[in-house]
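K.L.:
Curious how this folds, go ahead:
(one chain, ligands or ions: 2)
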Amino acid sequence: MLQKITYLTFLLLCFCGCSLNKMLPENSDVNASALKQIDTTTQVIESVHLKSPDGNIEVSVKNADGQVLYNIKAFNQIIIKDSKLGLRFLEQHGFDKQLVITSIEKSESKSRWEQPWGERRIVVNNYKELLLKLENTTNREKMNIRFRAFNDGIGFRYEVLEQKGFESVSIVDELTNFNFDENSTTWWIPAREWNRYEYLYEKTPLSKVKMVHTPVTLQLPSGLHVSVHEAALVNYSGMSLEKRRGGTLKANLAPRSDGLLVKTQAPFNTPWRTLQISKDAIGLINSDLILNLNEPNKLGDISWFTPGKYIGIWWAMHMRERTWGNDGIHGATTEETIRYMDFAAEHGFNGVLVEGWNLGWDGDWFHNGDVFNFTKSYPDFDIEKVSAYGKKVGVPLIGHHETSGNISNYENQLDAALELYANNEVKIIKTGYVADAGDIKRIDENGIAHYEFHDGQHMVNHHLKVVKKAAKHKISINPHEPVKDTGLRRTYPNWVSREGARGMEFSAWGVPPNPPEHTTILPFTRLLSGPMDYTPGIFELRPSELPPVREDMQRNDPKSRVETTLAKQLALYLTIYSPIQMVADLPKHYQNNMPAFQFIKDVPTDWEQSMALQGEIGDYLVIARQDRNSSDWYLGVITDEQARSFSIPLHFLEKQKTYTAQIYRDGPNADYDTNPYDIIIEEVNLSSQDTYNLSLGKGGGAAIRFIKHH
Ligand code: NOJ
Ligand code: CA
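P.N.:
Ligands and ions are numbered 1, 2, ... in the order given. Coordinates of the predicted model:
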């Protein structure tokens, strides 16, 4: 019996993600000859190495004249040359120079854990760990650096220990450097510019980048792919990277309004600095490193969150058919919401987002942050009535809180606002922070206004505050104009999605709109950080060419249009992961094309497993996902502005089984520019031995559902 219990506990431990850390018997990778004494109590270690479990990735740390440097080798090549580590503080000596490594500890961990929802149910978390204990010899200030080496990359963080004089710590610089080959091809968006993360990706040699957001993805001259990002961004400022000499990228933390970078107290850990490393581009997508470096679920049971699809009184505003404010064509009316709820119920969607129901939208809502009221509605919207109707037809309201960047106005009303939604069956809230970067308004205890960055420490803390409070009401959060994702969905699984890149809305009014290659770059960059509420599924691909609903309503610039084929709109449900996916277009546009709409009705948003099969950054992606709630598989294929042919072995399907493949693919003349609606919908039988050959038009795509024969 005892044996059985022990065995069960062991299994449970392996499964729950509790790591079975074990001290390695000897530190064989330490440069032993370099152990010297600097005084009677402190040893100095000059260099130490750590390898990934499969041995392909190796980090080496050394002490060079009082500075601590690291380098990384992967697949027998140096990918990061000696690069600085360290932190500078306002009031302490800090960890920059005069450092010694006094001791090290090595351990390893093998575990698996289960995602309550996600791209895959079971996540394997195997790594080797190196803990370096550092001292500043000036006054013996102490800090640790913890490295983890996984088969898919490296994570490391600083851990500042509790010690005298560290009751308050102001960080004025983080020295972390990533010293790459400057000829590496880099996919990047600028940081600290007004439109936050909403830029088209640039592709340049590393030598040409300036200040970039992470994830930033590089292809090294050797062909290896590396993406630099961070994990578990908590009570710290978001890290951008600035280009220094040669190919060096240096951490550049978003400054607070008081000019400091981070204000905290010891003990504290910085977020993990992460490097996802892969031979091929798709390896980045198949990596779980960011999630693995986050803490396990702190919310416990979250069965109250249901992954799914939602429609909304939303695209009509972006197309300029309706308005958020109350000017005769107000979108958010009781009647319209009920109509949407009926449509959602008929087609099996589980939410209706309603934007513009609450007071504050009139006038210039970009700058209405001070006047938004989160509990009072316009006279033509009756929240009790719509939520009662939603309950009857089984379609909850999805809440909306646009703050226009005034977080104090929002926080002051947050409890009441959450309560109102909780009382009206709302399960998910989309929040919004429309404000230029650096213009988030925060009013302090003395009534003084301060202006913060969307990725500064105050916003990092604000988002978590909202997420935690919402969890108490069993509500999930989907912020737009957010702080970037760093995998916190593992710890707070009600933080279900976010925007944080150019989304579909840019195809309504953006000039230029999202070009075809945009969605072939996102999976290898922004989406490595986590789910995105991109809002796919647009069926009317030229919305600005429709006649206006009222003469005084202007249409958007015709240059903004949806630069995909219709089949690619379907494929985006597979190539962009989010547990909640919008069915973004207007019901009337779906009613015009029910055969293609069937795919959107069928496609799940929660997966048993996912595997990127083929892809190059900015060119194309082929991805297979298995439904979490059935034996169906799905395949999504997208291309950039080039027509392409694919040959896809279907080895992911269960062996010895036949599947009905319901195929939605570009027709022979499909072209995002000249003929976007050409689509072929067909059914064929396929099995795991088959190779599926497929041709896509320019800006095209294909979406396939495989249904297993029993
Ligand atoms: C910008 C968001 O991305 C969009 O989805 C929303 O409709 C507007 N802000 C208004 O909140
Ligand atoms: Ca391309």
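
K.L.:
Leaving aside the residues adjacent along the chain, what's closest to Arg120?
P.N.:
Gln609 (4.5 Å; CB to CB, 6 or more residues apart in numbering). (Glycine included, C-beta is placed from N, CA and C.)

K.L.:
Please name every helix or strand in contact with the helix or strand that contains the one you found.
P.N.:
Using DSSP states H and E, Gln609 falls within strand 607-616. Strand 607-616 sits against helix 281-285, strand 620-627, strand 644-649, with contacts defined as 3 or more CB pairs under 8 Å, 6 or more residues apart in numbering; DSSP states H and E.

K.L.:
State the paired neighbours of the last one in the sheet, together with their directions.
P.N.:
Just to be clear, that refers to strand 644-649. strand 691-696 (antiparallel) (DSSP bridges).

K.L.:
Just want the angle from the strand it pairs with to strand 620-627.
P.N.:
If you take axes from the mean of the first three to the mean of the last three CA atoms, to 10 degrees, strand 691-696 sits at 130 degrees to strand 620-627.

K.L.:
Just after strand 691-696, pick out the following helix or strand.
P.N.:
Past strand 691-696, the next helix or strand by DSSP H and E is strand 701-708.

K.L.:
could the helices and strands packed on strand 607-616 be laid out in JSON lines, adding distance to Asn126 and mean neighbour count?
P.N.:
Compiled in JSON lines, the helices and strands packed on strand 607-616 are given as follows (distance: least, CB to CB, whole Å; neighbours: other CB atoms under 10 Å):
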{"stretch": "helix 281-285", "distance to Asn126": "16", "mean neighbour count": "23"}
{"stretch": "strand 620-627", "distance to Asn126": "22", "mean neighbour count": "24"}
{"stretch": "strand 644-649", "distance to Asn126": "27", "mean neighbour count": "14"}
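
K.L.:
of those, which approaches ligand 2 most closely?
P.N.:
strand 620-627 (8.2 Å; CB to the ion).

K.L.:
can you give me the offset of the closest one from its chain's centre?
P.N.:
Distance of strand 620-627 from the chain centroid (CA atoms, centre = their mean, to the nearest Å) equals 18 Å.

K.L.:
In the chain, where is pLDDT below threshold?
P.N.:
Confidence mapping of the chain against pLDDT under 70 gives the ranges 1-43.

K.L.:
Tell me how many other residues crowd the residue of the stretch 601-710 of the chain found nearest ligand 1.
P.N.:
Nearest to ligand 1, among the residues of the stretch 601-710 of the chain, is Thr605, at 18.2 Å (CB to the nearest ligand atom). By other CB atoms under 10 Å, 22 other residues sit near Thr605.

K.L.:
Looks like it contacts Tyr310 (just checking).
P.N.:
No. Using CB atoms under 8 Å, Thr605 is not in contact with Tyr310; the gap is 9.8 Å.

K.L.:
residues shared between the contacts of those two?
P.N.:
Residues within reach of Thr605 and of Tyr310 at once, by CB atoms under 8 Å, 6 or more residues apart in numbering, are Ile580, Gln581.

K.L.:
Which helix or which strand is home to His400?
P.N.:
Going by DSSP H and E, His400 is part of strand 397-402.

K.L.:
Quick one: work out the angle between the helix or strand that comes right after that strand and strand 397-402.
P.N.:
Counting by DSSP H and E, the next helix or strand C-terminal to strand 397-402 is helix 407-423. If you take the same axes, to 10 degrees, helix 407-423 sits at 170 degrees to strand 397-402.

K.L.:
can you list contacts of whichever helix or strand comes after helix 407-423?
P.N.:
Moving toward the C-terminus from helix 407-423, the next helix or strand (DSSP H and E) is strand 428-432. Strand 428-432 is contacted from outside by 305, 310, 351, 353, 355, 396, 398-404, 418, 421, 466, 470, 475-482, 496, 533, 580, using CB under 8 Å, 6+ apart.

K.L.:
which residues of the stretch 551-700 of the chain fall in helices?
P.N.:
Using DSSP state H, counting those that start in this stretch, the helices of the stretch 551-700 of the chain run over residues 566-575, 587-591, 594-602.

K.L.:
Output those as CSV; include the columns distance to Glu545 and mean neighbour count.
P.N.:
Formatted as CSV, the helices of the stretch 551-700 of the chain follow (distance: least, CB to CB, whole Å; neighbours: other CB under 10 Å):
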stretch, distance to Glu545, mean neighbour count
helix 566-575, 16, 28
helix 587-591, 13, 16
helix 594-602, 20, 17
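
K.L.:
quick one: which of those helices is nearest Leu653?
P.N.:
helix 566-575 (15.4 Å; CB to CB).

K.L.:
Quick one: list the elements packing against that closest one.
P.N.:
Secondary elements touching helix 566-575 (3+ CB pairs under 8 Å, 6+ apart): helix 518-521, helix 594-602, strand 620-627, strand 633-639, strand 658-666, strand 701-708.

K.L.:
Relative to Ile189, which of these is closest?
P.N.:
Closest among the helices and strands packed on helix 566-575, using CB to CB: helix 518-521, at 9.7 Å.

K.L.:
Now render the helices and strands packed on helix 566-575 as a markdown table, adding distance to Ile429.
P.N.:
A markdown table is the format used below for the helices and strands packed on helix 566-575 (distance: least, CB to CB, whole Å):
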| stretch | distance to Ile429 |
| --- | --- |
| helix 518-521 | 26 |
| helix 594-602 | 23 |
| strand 620-627 | 27 |
| strand 633-639 | 28 |
| strand 658-666 | 32 |
| strand 701-708 | 29 |
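
K.L.:
Now distance to ligand 2 too, for these, in TSV please.
P.N.:
Output for those, formatted as TSV (distance: least, CB to the ion, whole Å):
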stretch	distance to ligand 2
helix 518-521	7
helix 594-602	25
strand 620-627	8
strand 633-639	9
strand 658-666	17
strand 701-708	14
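
K.L.:
closest one to Glu683 among those?
P.N.:
Between these, strand 658-666 lies closest to Glu683; by CB to CB that is 5.5 Å.

K.L.:
by contact count, what packs against the closest one?
P.N.:
helix 566-575, helix 594-602, strand 679-687, strand 691-696, strand 701-708.

K.L.:
and the fourth one, which residues are buried?
P.N.:
This points to strand 691-696. Using 16 or more other CB atoms under 10 Å as the test for burial, strand 691-696 gives Tyr692, Leu694, Ser695, Leu696.

K.L.:
Can you name the residues of the stretch 301-450 of the chain that neighbour ligand 1?
P.N.:
Trp314, Glu355, Glu402, Gly432, Val434 (CB under 6 Å from any ligand atom).

K.L.:
now the residue nearest to the third one when sequence neighbours are not counted: how far from ligand 2?
P.N.:
Distance criterion CB to CB, 6+ apart; nearest residue to Glu402, sequence neighbours excluded, is Gly432 at 4.0 Å. Counting by CB to the ion, to the nearest Å, the separation of Gly432 from ligand 2 is 31 Å.

K.L.:
ditto for Asp54
P.N.:
31 Å.

K.L.:
And what about that residue, helix, strand or coil?
P.N.:
Classification of Asp54 using DSSP: H, G, I helix; E, B strand; the rest coil returns coil.

K.L.:
can you count the residues close to it?
P.N.:
Asp54 has 11 nearby residues by other CB under 10 Å.

K.L.:
list the contacts for the residue nearest to it when sequence neighbours are not counted?
P.N.:
Sequence neighbours aside, Asn151 is the residue nearest to Asp54 in space, at 4.8 Å (criterion: CB to CB, 6+ apart). The neighbours of Asn151, taking CB under 8 Å, 6+ apart as the test, are Ser52, Pro53, Asp54, Asn56, Ile57, Asn126.
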